[in-house]
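[1] Take a look and give me a structure for this.
(one chain, ligands or ions: 1)
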Amino acid sequence: MTALDATTSALVFAEITDDDVPAVVALWHECGLTRPWNDPALDIADARLSPTSTVLAARAPASEGGAVVASVMAGYDGHRGWLYYVAVSPGLQGSGLGRAAVSAGEEWLRAGGARKVQLMVRTTNAQALGFYDRLGYEEQSTTVLGRWF
Ligand SMILES: CC(C)(COP(=O)(O)OP(=O)(O)OC[C@H]1O[C@@H](n2cnc3c(N)ncnc32)[C@H](O)[C@@H]1OP(=O)(O)O)[C@@H](O)C(=O)NCCC(=O)NCCS
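    Down below sits the predicted model:
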């Protein structure tokens, strides 16, 4: 166990700053969360523009280099709270950081007035589906529809 493994439970999630954007984008690439049709930097800019959405990240302690190691995007649409881009640096997965990221997003949404949190998981992402099941998230009997503007 590295020193960082031993301290992951104590890492704090906070709203990212402009300086964090490249590291967050790199984390999402590393975690396989980016797709050609989504510009991650634009997604971050959009989320940070509105007071009802944000991007939170946890950093390693300064003594460990201070890198961004986990993230969550949260947004409240006035009816439901949504989580996106839950990501944990591959080398630190399995140490509780994913649960902490979801909790941080949930708390942010709850503080903003949301009574329910939802998220979308690609049907091919079996790892994430197992993770969310463990956290008490249940499949909703609904189909997500969409259309590009
Ligand atoms: C999914 C992800 C965020 C999980 O983060 P993590 O740090 O590995 O998860 P944690 O260590 O916090 O696990 C929390 C709990 O879920 C459980 N868990 C994690 N993955 C699991 C899986 N695939 N199946 C079942 N349980 C799982 C853990 O055992 C742990 O249980 P416990 O707290 O009761 O001991 C991380 O693997 C990741 O970044 N994956 C790539 C990006 C991704 O797919 N994100 C989701 C997008 S929708």
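[2] burial of Val21, as a residue count?
    When neighbours are counted by other Cβ atoms under 10 Å, Val21 registers 18. The way it works is simple: take the backbone N, C-alpha and C, and place the C-beta from them, glycine included.
[3] Next one: it from Met120, what distance?
    Applying Cβ to Cβ, to the nearest Å, the value for Val21 to Met120 is 23 Å.
[4] burial of Leu49, as a residue count?
    Neighbours around Leu49, by other Cβ under 10 Å: 8.
[5] actually Thr17, sorry about that
    When neighbours are counted by other Cβ under 10 Å, Thr17 comes out with 9.
[6] State the pLDDT value of it.
    Per-residue confidence (pLDDT) for Thr17: 97.
[7] distance of it from the ligand?
    Noted for Thr17: a distance of 21 Å to the ligand, by Cβ to the nearest ligand atom, to the nearest Å.
[8] swap in Gln93?
    Gln93 is 3 Å from the ligand, by Cβ to the nearest ligand atom.
[9] what does Ala87 give?
    Taking Cβ to the nearest ligand atom, one finds Ala87 at 4 Å from the ligand.
[10] Double-check that that residue belongs to a strand.
    Yes. According to DSSP: H, G, I helix; E, B strand; the rest coil, Ala87 belongs to a strand.
[11] so what's it up against?
    Applying Cβ atoms under 8 Å, 6 or more residues apart in numbering to Ala87 gives the contacts Leu27, Trp28, Glu30, Cys31, Leu33, Ala70, Ser71, Val72, Ala101.
[12] for the residues you listed, which one is nearest Val55?
    Nearest to Val55 among the contacts of Ala87, counting by Cβ to Cβ, is Ser71 at 6.4 Å.
[13] Please name the residues that touch the closest one.
    Contacts of Ser71 (Cβ under 8 Å, 6+ apart): Ile16, Val24, Leu27, Trp28, Val55, Leu56, Ala57, Ala58, Tyr85, Val86, Ala87, Ala101.
[14] which SS state does it fall under?
    Quick answer, by three-state DSSP: Ser71 is strand.
[15] Also the one 4 residues further on?
    Under three-state DSSP, the three-state class of Gly75 is strand.
[16] Verify the stated contact: it with Pro51.
    No. Between Gly75 and Pro51 there is no contact under Cβ atoms under 8 Å: 10.5 Å.
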